[in-house]
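Visitor: fold the following.
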Amino acid sequence: MTHPDDHHHLTSPRDGLPPLADTPEAVAEVAAALADGTGPVAVDTERASGFRFDDRAWLVQLRRTGAGTHLVDPAQVPQFGSLLVPVMNSTPWILHAAHTDLPALTTLGWRAVRLHDTQIAGRLLGYGQIGLAGMLTELLGVTVAKDKGREDWSARPLPRDMLTYAALDVELLTELLDAALSLLRSRGDAEGRDRIGWYDQECDRVLSDWSYPVSVGDWTRLRGIGAVRDPRGLELARRLTDIRTDVARRRDTPPERVVDSSTIIEMARSPYRAEDVLRQRRHGRGSPRFSGELRSRLLAGVREALAVDAASLPPRPVGRGGHPDHRTWATDFPVADHLLTGFRTAVDDLAADLGLHPSELMVSRSVRAVAWEVSLVLPVTGERKSATDLGSDPVGWAEDLLGHHLGREGARDWQIDLLVPVFLPTLAAEMPV
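Guide: Okay, here's the model as predicted:
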């Protein structure tokens, strides 16, 4: 950790601002330069989902040792992704908060052979969900301005100050990764724990889980859809969301600017009042009421949803968990409640010992799921399992049970190895002697 008096404010790239590669010839030169570099490629994207239909990249920043920094404009070079596939798909990457960029990069046809994520390293050092600027300050003593992330990166031409801001996002990623991994390695060695192994597993999981093309969620992803109970309302939500998506795609504008989700949910919760809501509701803050073609399409969608045959109505989206509200467990499911209380305490205590946020070990939703699933195995027709039901090795049985359900919740091996021993005492208290 650096002292505030030692901080250096970085205002421009060390090698100067590179030109924007906005022709096929310029992108080919970028590819050649990167191919001649060494080590991983530092990568970042600037997107414009607050202004455009989806989260595709409108600027890509790349830097590699020996190759310098490069800024590439996907909007001007549609074949940009394929021109860089040979180098990008054969080289490790460094990103910060990679899950936010990977869909846009995957859309370009890119897939890293290995991912490094400096935010993951920061999380495993105990910094939580730290931003790039925060980690640069903590580990390298460098401050950078982070005031243009919400600008419209789809607007052209991009001014010099925005290009400078973008270039600085990859300027020090390699040095930052080296510093973070050095700290992780030394801390792990002092503890006798393999924190670098933890880091590798977390990076592999992010690469696996987030390497999919940019997409726009369907009606099942609407915020608040769980509150819609009426199948007729679900059909209405489905139809209106499809209309919204079609209009937004044609306009290349965010779906929320066409019809905000809260309006769709309000109509879906009271489908037989939906036409009245549509006539009264504005489609965005400070925007006029729905009119013209959009209003006609939405009204038609409402009427079609109300008229469709009941047998064709969609089921409720399947939510995660599949267990009763945990707030009722103390009264209705005491075994599950005891397990949940003990598991929560174990996660909190272990996280404190390791200097991590508890969510790095397991998020609350998953702790509840494991407690519930394990509780279902313990009672048998109202009675506890007997010791013989658990075989000759009750401890092994319990370890396997916990490992199985932790794995089902997506826990990585390093998390399972840490959590099973601290969960065992709580489980043992509910098992037969």
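Visitor: center of this protein - which residue?
Guide: H99 (5.2 Å; CA atoms, centre = their mean).
Visitor: so that residue belongs to a helix, correct?
Guide: Yes - counting by DSSP: H, G, I helix; E, B strand; the rest coil, H99 is part of a helix.
Visitor: which strand or helix spans A31?
Guide: helix 24-36 (DSSP states H and E).
Visitor: whoops, E293 was the one
Guide: Going by DSSP H and E, E293 is part of helix 292-307.
Visitor: report the buried residues of that helix.
Guide: L294, R297, L298, G301, V302, A305 (16 or more other CB atoms under 10 Å). To be clear about C-beta, it is placed using only N, CA and C from the backbone, and glycine gets the same treatment.
Visitor: using PDB, list the CA coordinates for it.
Guide: What follows is helix 292-307, C-alpha atoms only, in PDB (Å, rounded to 0.1, in the frame of the first residue of the first chain):
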ATOM      1  CA  GLY A 292     -47.900   6.700 -33.200                       C
ATOM      2  CA  GLU A 293     -46.700   3.300 -34.300                       C
ATOM      3  CA  LEU A 294     -45.200   2.300 -30.900                       C
ATOM      4  CA  ARG A 295     -48.500   3.000 -29.100                       C
ATOM      5  CA  SER A 296     -50.400   1.000 -31.600                       C
ATOM      6  CA  ARG A 297     -48.000  -1.900 -31.400                       C
ATOM      7  CA  LEU A 298     -48.100  -2.000 -27.600                       C
ATOM      8  CA  LEU A 299     -51.900  -1.800 -27.500                       C
ATOM      9  CA  ALA A 300     -52.100  -4.700 -30.000                       C
ATOM     10  CA  GLY A 301     -49.700  -6.600 -27.800                       C
ATOM     11  CA  VAL A 302     -51.900  -6.100 -24.800                       C
ATOM     12  CA  ARG A 303     -55.000  -7.200 -26.600                       C
ATOM     13  CA  GLU A 304     -53.300 -10.300 -28.100                       C
ATOM     14  CA  ALA A 305     -52.100 -11.300 -24.600                       C
ATOM     15  CA  LEU A 306     -55.600 -11.000 -23.200                       C
ATOM     16  CA  ALA A 307     -57.100 -13.000 -26.000                       C
END
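Visitor: can you name every helix or strand that it contacts?
Guide: Contacts defined by 3 or more CB pairs under 8 Å, 6 or more residues apart in numbering; DSSP states H and E place helix 292-307 against helix 231-251, helix 274-280.
Visitor: winner for burial among those?
Guide: Greatest average neighbour count among the helices and strands packed on helix 292-307 goes to helix 231-251 (a mean of 20), per mean count of other CB atoms under 10 Å.
Visitor: mean confidence score for that one?
Guide: Mean per-residue pLDDT for helix 231-251: 96.
Visitor: packing partners for it?
Guide: So helix 231-251, by 3+ CB pairs under 8 Å, 6+ apart, packs with helix 255-258, helix 261-269, helix 292-307.
Visitor: now the angle from that helix to helix 292-307?
Guide: 160 degrees (axes from the mean of the first three to the mean of the last three CA atoms, to 10 degrees).
Visitor: any idea of the pLDDT on the nearest residue to L132 once chain neighbours are set aside?
Guide: Closest residue to L132 apart from its sequence neighbours, by CB to CB, 6 or more residues apart in numbering: H96 at 4.4 Å. Looking at H96, its pLDDT is 98.
Visitor: could I get the helix holding A31 in PDB with only the CA atoms?
Guide: In PDB, the C-alpha atoms belonging to helix 24-36 read as follows (Å, rounded to 0.1, in the frame of the first residue of the first chain):
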ATOM      1  CA  PRO A  24      -8.400  -1.700 -42.200                       C
ATOM      2  CA  GLU A  25      -4.800  -0.800 -43.000                       C
ATOM      3  CA  ALA A  26      -4.300   0.800 -39.600                       C
ATOM      4  CA  VAL A  27      -5.800  -2.200 -37.800                       C
ATOM      5  CA  ALA A  28      -3.500  -4.500 -39.800                       C
ATOM      6  CA  GLU A  29      -0.600  -2.500 -38.500                       C
ATOM      7  CA  VAL A  30      -1.900  -2.900 -34.900                       C
ATOM      8  CA  ALA A  31      -2.100  -6.600 -35.400                       C
ATOM      9  CA  ALA A  32       1.500  -6.800 -36.600                       C
ATOM     10  CA  ALA A  33       2.700  -4.600 -33.700                       C
ATOM     11  CA  LEU A  34       1.000  -6.700 -31.100                       C
ATOM     12  CA  ALA A  35       2.300 -10.000 -32.700                       C
ATOM     13  CA  ASP A  36       5.800  -8.600 -32.300                       C
END
